[in-house]
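Asker: Compute the structure for the input listed below.
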Amino acid sequence: MQKKISSENIRDLRNKTGAGMTDCKKALEAANGDINTAIESLRKKGLATADKKSTRLASEGLIESYIHAGSRIGVLLEINCETDFVARQPQFQQLAKDITMQIAACQSVFYVSKNDIPQNVIDYEEKLELQKDDLNNKPDEIKNKIAKGRVDKRLKELSLMDQNFIKEQNVTVEELIKQHISLLGENIKIRRFERFLLGEGIENKNNNFVHEVSSMIQSK
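Answerer: You can find the predicted model right below:
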């Protein structure tokens, strides 16, 4: 028996996904009212749409800043879209704010994506892993396979796009960007960012900024 889809169900799904009312209604009908199934369906549809738009030129956008409470950590971000119209949309501006807070919280992140990591950094990580004591007595094939897996994990730690979104841990930053591409109908690119830590390079401090920023964001 087909479950009746109420306007409240549709609005709830729209609030959770940002998808259009018609798409939400169709997704709920196809999922027989199960909102989690509908969310997954819309997410897959959005990712597919985003992939088609990912090669389009994005030269508009904005530069967003974030200063963490206490003024000890700051972030500058350039995020691009295709038109000034989209750059002025609240959803795009909120995305920019969320990404700057993500960067502030992820102290191990230094590159937008794995494709931006220089080859000399990759070579260094590979050399480091291959020299570890626990791989000394293993056959070369096994050693290389283990080292490759560890290096891939390390590169993901350095890449912003591979991080889990701090406000929704089951979504990566890359998926978050694609959701907004589908929502706003334009290609969106994180072009560059810079993180500033007070006193960085002068003295080494052990303040846990990751925990501090994450706790503040999750409490909102």
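Asker: Poorly predicted segments of this structure, please.
Answerer: Scanning the chain for pLDDT under 70 picks out 1-2, 16-20, 43-55, 57, 203-220.
Asker: Which residue ranges of it form strands?
Answerer: Secondary structure of the chain (DSSP state E): strands located at 60-67, 73-81, 164-165, 168-172, 189-197.
Asker: In JSON lines, list those strands along with distance to Arg150 and mean neighbour count.
Answerer: Every residue, glycine included, has its C-beta placed from N, CA and C. As requested, these are exported to JSON lines (distance: least, CB to CB, whole Å; neighbours: other CB atoms under 10 Å):
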{"stretch": "strand 60-67", "distance to Arg150": "32", "mean neighbour count": "16"}
{"stretch": "strand 73-81", "distance to Arg150": "28", "mean neighbour count": "20"}
{"stretch": "strand 164-165", "distance to Arg150": "19", "mean neighbour count": "16"}
{"stretch": "strand 168-172", "distance to Arg150": "20", "mean neighbour count": "12"}
{"stretch": "strand 189-197", "distance to Arg150": "25", "mean neighbour count": "16"}
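Asker: Tabulate these in TSV, adding columns for distance to Ile122.
Answerer: Shown next, in TSV, are the strands of the chain (distance: least, CB to CB, whole Å):
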stretch	distance to Ile122
strand 60-67	29
strand 73-81	24
strand 164-165	22
strand 168-172	21
strand 189-197	20
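Asker: of those, which approaches Ser113 most closely?
Answerer: strand 189-197 (8.3 Å; CB to CB).
Asker: Would you tell me which of the strands of the chain gets closest to Leu158?
Answerer: Closest among those, using CB to CB: strand 189-197, at 12.7 Å.
Asker: could you check the angle strand 60-67 makes with that closest one?
Answerer: Strand 189-197 and strand 60-67 are oriented at 20 degrees to each other (axes from the mean of the first three to the mean of the last three CA atoms, to 10 degrees).
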